[in-house]
Structure formats: structure tokens, C-alpha cells
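K.L.:
Got a predicted structure plus its sequence, pasted below:
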Amino acid sequence: MDPEVQLQPAAPHPGAAPGTRTPDGDRAAAPRIRKSADGPRCGAPKAGDGLPCQTRPLTGHPSGRCRAHAAATDPELALVVAAERSRGGQVAQQRLSQAGLQLGPVDFSTSVGVRSTLEATAAAVAAGKIPASVAGAVAQIASVSIRVAELELHVQLTKLEAELKRVRDERR
């Protein structure tokens, strides 16, 4: 048997997503289940590149899809997956706090403060104390604080230019 077999049932699939119809108005058929030499694969198109997903499907789930793609059409599974993702984020936060990460005083009000915070963040990433995604968030906050400082300087410069113009006009 060919290691890459496409299975397509002829009859409509009872577990198809509600409201899914073919162009003829019939209920959509079951998704194709890709089989490879080491077992079935999800086969749903991946969001990034549209290529078939190579993850193993959930055992016993009527969609024949992997957990991520099955959750897209199964509201109950989607709630479970969302809750687990949330708990995963909470666990990551606990690990960060238990690692004793000390960035020192986070100061975005001065250029020295921004630089020292970014340097401490980079050192923490290099030491493996925080993930790069956390450092990216700190960098974005630093970037926003720099833009705010630029706006404040622009406002001050505009006021000074207006004052200078007023003084010049008075001397004439």
C-alpha cells in the first residue's frame, strides 16, 4: 500500500461542522485523513503556508483532525484548549517569579533608565532566565516610552518656537 493514501468517504460525515454545505447544498463530506508510513495525519491546511498538517489526529474525535484543528470546529474542545493555554501562561509566570529575576528598577523616564532596563533584559535572556518573548515585550514598552518622550519634546519645541516668534514680533 502507498504510504501517502488519501481517504475520502463518499457519504456525508455525521460529525461535520454545522452549516457546512457543498456547492450543491449537501452536507460536507468528512475531512480527508492523510495516512503516512507511521500512521494517520490531520491533513487540515496550516494557517501559515496552507500545507497539510502533519500532526496525528485526536483518537476518537469525529473530525479526524489534530487537537488544534479540531478545536476550530468543536466549541467544547475549544474551551478546554483555551483554559489549558491560560494555565500554561500562569505556570510560565510562576516560573519567572520563582527564578528570582531582578531587572532592578524599571525606569523608562530617562534615556539612561531605558538603556539600563534593556541591558538587564538582554542579560536575562542570554542567561536563560526569561524567554525572548518577554524581552520583546519589554523592548516594545521601551520603544513606546521613547516615542512618548519624542512627542513631549516636540510639544516643548513648538511652545519655544511660538514664544520666540512672539518676542520677535514685540521687538518690531
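P.N.:
Good, I have the coordinates. Numbering: from 1, shown residues only.

K.L.:
And the longest helix along the chain, what's buried?
P.N.:
Criterion DSSP state H: the longest helix present in the chain is helix 132-171. Going by neighbour count (16 or more other C-beta atoms under 10 Å), the buried part of helix 132-171 is 134-135, 138-139, 142, 145. Where C-beta positions appear, they are placed from N, C-alpha and C, glycine not excepted.

K.L.:
Could I get the buried residue list for stretch 109-122?
P.N.:
113-114, 116-118, 120-121.

K.L.:
Can you lay out the residues you listed as JSON lines showing pLDDT, secondary structure and distance to Leu58?
P.N.:
Converted to JSON lines, the buried residues of stretch 109-122 look like this (pLDDT from 0 to 100; DSSP: H, G, I helix; E, B strand; the rest coil; distance: C-beta to C-beta, whole Å):
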{"residue": "Gly113", "pLDDT": "89", "secondary structure": "helix", "distance to Leu58": "49"}
{"residue": "Val114", "pLDDT": "91", "secondary structure": "helix", "distance to Leu58": "47"}
{"residue": "Ser116", "pLDDT": "88", "secondary structure": "helix", "distance to Leu58": "48"}
{"residue": "Thr117", "pLDDT": "88", "secondary structure": "helix", "distance to Leu58": "44"}
{"residue": "Leu118", "pLDDT": "90", "secondary structure": "helix", "distance to Leu58": "43"}
{"residue": "Ala120", "pLDDT": "87", "secondary structure": "helix", "distance to Leu58": "43"}
{"residue": "Thr121", "pLDDT": "87", "secondary structure": "helix", "distance to Leu58": "39"}
